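**Student:** sequence unavailable; structure follows:
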């Protein structure tokens with residue numbers, strides 16, 4: 001099953017008419033746009049990650065498996081916003097500061113603040129965010 005979303009890919013030029021698979025169009029995965037929670041580094045700065053850490057990251061990554069591609073876009077956008085915030089603790093008001101950006105990304109949604117809360121609840125239920133109470137959260141990396 002493919003868990004990528006369109007915003008994490010860029011379309012390549014179709015193969016030339018002389019190519020064996022003429023007209024075929026591929027894509028590049030934009031690794032820099034993949035949220036930290038979706039990355040698994042096996043080797044980082046020349047240091048091999050231990051197997052237990054990799055297995056743990058894979059199981060956390062499975063929490064991001066969402067069949068509905070539209071819902072995937074929201075989850076990724078919320079993760080991107082979370083990761084732009086400094087530190088591990090953040091507030092709901094911090095997330096609301098991304099409301100205009102999220103409105104531009106999802107113009108069909110007229111209820112961005114409730115959608116932010118919904119996505120944070122979903123991330124909490126999947127073990128990727130800890131709810132601390134009173135509109136405060138902690139990233140689980």
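**Tutor:** In hand now; what should we look at? Since the model is a prediction, treat every value here as computed from it, not as a measurement.
**Student:** longest single helix anywhere in the chain?
**Tutor:** When the chain is parsed with DSSP state H, its longest helix is helix 69-84.
**Student:** just the buried residues of that one, please?
**Tutor:** Neighbour counts using 16 or more other CB atoms under 10 Å place 72, 73, 74, 75, 76, 77, 78, 79, 80, 81, 82 of helix 69-84 among the buried residues. In short, each C-beta sits where N, CA and C put it, glycine included.
**Student:** quick one: terminal-to-terminal distance for stretch 35-42?
**Tutor:** For stretch 35-42, the first-to-last residue distance is 16 Å (CA to CA, to the nearest Å).
**Student:** quick one: mean pLDDT for that stretch?
**Tutor:** Taken as a whole, stretch 35-42 carries a mean pLDDT of 76.
**Student:** what pLDDT does the residue most central in space within the chain get?
**Tutor:** By CA atoms, centre = their mean, the chain has its centre lying nearest to residue 76, at 2.9 Å. Looking at residue 76, its pLDDT stands at 84.
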